[in-house]
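Asker: here are the coordinates; sequence isn't available:
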Ligand SMILES: Cc1cc2nc3c(=O)[nH]c(=O)nc-3n(C[C@H](O)[C@H](O)[C@H](O)COP(=O)(O)OP(=O)(O)OC[C@H]3O[C@@H](n4cnc5c(N)ncnc54)[C@H](O)[C@@H]3O)c2cc1C
């Protein structure tokens, strides 16, 4: 039997310790968020539009092609770096974070994993350079039950005709390409669902109504209308009838980054609360001197750190090629809860001004709500976790 010293190898690094490369990348994104995005957050929220110049800068900085290999013009990074970017952006603006989130952890990720060589050669350089992408799965009648979709694709020679409507599509207003799911063989049920690469300029495609939302207002969310939209058969992504698998597996990964968005948001709310509590005086002292406020801040910091560890663990597991689906669901479920409660506490620490648009925590409170809804509601995450722990 080996002795303990014979079996002991180098200890695994602590979850929260970043490599030099990761730390440099994180500080670059943080600097960009603070210096370039922060001054425009309020105006973009009011206008419900994300500035084109900032989007352009995000492309320039490589933030829209983090995992795209360098040969295609990307950064050649990993999923964990995408998560770090989403977290750092969300600290300043959760809308900016979700734009990068959908591009990197959903769209680029789908193409890298499921695209054929020709599709990668054609689309990856565009996605890294200047083309925003969107993921179009949900419809009015199919949200949590996404595979009940009614959008249909029928083959006609060398192309498909797609007809239907998609709802709630993030990045839709800015996007040039849409990873869109339609059922191409309804008799086979969900096994008919197929993923297509649809370009905005394809005949029969239209971006419809933009939603007027509670939070993440600078991130566009629109309807898509497809009326016999003509899509070349070459733009079928992955295998015919395997769209359900592409959607599930992509969202399993993507929701780790939604957890990161909520961690960043919560950290932002905590940072604002710390700064404010050191300045605001009541009863002759700064409010940070009161134990009631100290305990609130301590609880917020602890919960943010716990959520971060769940998110980082999910991302590290994914990059290591290890099972991560339950951990990803836990990370998203918990981090979105922490995002909401931390932003709510921040509003209270600010008192009356926290309830106004003159201070940033009101917006973070509104932005937090979406974390429990998109990329699978909290109930859907709990179903995933319960299935695993009960062995169902
Ligand atoms: C801002 C925003 C951005 C979005 N971006 C995208 C996008 O880019 N692409 C895309 O495809 N979709 C997107 N969505 C859609 C999003 O993923 C769906 O809204 C979400 O999956 C929930 O679906 P639903 O709205 O139809 O709610 P429903 O599925 O109708 O759920 C309503 C309630 O019922 C609960 N529920 C449903 N089924 C069960 C069950 N079996 N057990 C227990 N509870 C259940 C849910 O948890 C929820 O509380 C976005 C939505 C929003 C609001």
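Answerer: Received it, and whenever you're ready, just let me know what you need. Because the structure is predicted, anything quoted here is derived from the model rather than measured.
Asker: for residue 10, grab the count of nearby residues.
Answerer: Other residues near residue 10 come to 5 when the count uses other Cβ atoms under 10 Å. Where C-beta positions appear, they are placed from N, C-alpha and C, glycine not excepted.
Asker: what residues are up against it?
Answerer: Neighbour list for residue 10: empty [criterion: Cβ atoms under 8 Å, 6 or more residues apart in numbering].
Asker: what pLDDT is listed against it?
Answerer: For residue 10, the pLDDT comes out at 79.
Asker: ok, now the one 10 residues further on?
Answerer: According to the predicted model, the pLDDT of residue 20 comes to 96.
Asker: how many neighbouring residues does it have?
Answerer: 7.
Asker: give the buried residues for the longest helix belonging to the chain.
Answerer: Longest helix in the chain by number of residues, with DSSP state H as the criterion: helix 243-279. Within helix 243-279, the residues that qualify as buried are 243-247, 249-270, 272-274, 276-277, counting by 16 or more other Cβ atoms under 10 Å.
Asker: repeat that for stretch 40-59.
Answerer: Applying a neighbour-count criterion of 16+ other Cβ under 10 Å, one finds 40-41, 44-45, 48-51, 54-55, 58-59 buried in stretch 40-59.
Asker: OK, contacts around whatever residue of the chain ends up closest to the ligand?
Answerer: The nearest approach of the chain to the ligand comes at residue 143, 1.7 Å away (Cβ to the nearest ligand atom). Taking Cβ under 8 Å, 6+ apart, we find residue 143 in contact with residue 168.
Asker: which bits of the stretch 201-350 of the chain sit near the ligand?
Answerer: Contacts of the stretch 201-350 of the chain with the ligand, taken as Cβ under 6 Å from any ligand atom, map to 213, 221.
Asker: 8 Å instead?
Answerer: 211, 213, 216, 219, 221 (Cβ under 8 Å from any ligand atom).
Asker: please enumerate the strands of this protein.
Answerer: Using DSSP state E, the strands of the chain run over 133-136, 152-156, 159-170, 177-183, 193-199, 205-210, 221-232, 236-237, 281-282, 285-286.
Asker: any chance of the ones you listed in JSON lines, with distance to residue 93 too?
Answerer: Below are the strands of the chain laid out as JSON lines (distance: least, Cβ to Cβ, whole Å):
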{"stretch": "strand 133-136", "distance to residue 93": "19"}
{"stretch": "strand 152-156", "distance to residue 93": "36"}
{"stretch": "strand 159-170", "distance to residue 93": "14"}
{"stretch": "strand 177-183", "distance to residue 93": "24"}
{"stretch": "strand 193-199", "distance to residue 93": "28"}
{"stretch": "strand 205-210", "distance to residue 93": "18"}
{"stretch": "strand 221-232", "distance to residue 93": "16"}
{"stretch": "strand 236-237", "distance to residue 93": "30"}
{"stretch": "strand 281-282", "distance to residue 93": "29"}
{"stretch": "strand 285-286", "distance to residue 93": "28"}
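Asker: separation between residue 50 and residue 257?
Answerer: 18 Å (Cβ to Cβ, to the nearest Å).
Asker: just residue 388 next, same as before
Answerer: In terms of Cβ to Cβ, residue 388 sits 21 Å off from residue 257.
Asker: residue 114 touches residue 243, doesn't it?
Answerer: No: between residue 114 and residue 243 there is no contact under Cβ atoms under 8 Å: 9.7 Å.
Asker: joint contacts of the two?
Answerer: Common neighbours of residue 114 and residue 243 (Cβ under 8 Å, 6+ apart) are residue 195.
Asker: residue contacts, residue 221?
Answerer: Counting by Cβ under 8 Å, 6+ apart, residue 221 touches 168-170, 172, 210-211, 213.
Asker: ramachandran angles for the closest residue to it other than its chain neighbours?
Answerer: Among residues not flanking residue 221 along the chain, residue 211 sits closest, at 4.4 Å (Cβ to Cβ, 6 or more residues apart in numbering). Here the main-chain torsion angles of residue 211 (degrees, to the nearest 10) amount to phi -70, psi 150.
Asker: and for residue 211, the neighbour number?
Answerer: Residue 211: 15 surrounding residues under other Cβ under 10 Å.
Asker: ok, residue 266 touching residue 300?
Answerer: Yes: when contacts are counted by Cβ under 8 Å, residue 266 is listed as touching residue 300 (7.4 Å).
Asker: hey, what's in contact with both of the two?
Answerer: In terms of Cβ under 8 Å, 6+ apart, residue 266 and residue 300 are both contacted by the residues residue 342.
Asker: check contacts around the residue lying closest to residue 327 once chain neighbours are set aside.
Answerer: Nearest non-adjacent residue to residue 327, counting by Cβ to Cβ, 6+ apart: residue 314, 4.6 Å away. By Cβ under 8 Å, 6+ apart, the residues touching residue 314 are 256, 259, 324, 327-328, 330-331.
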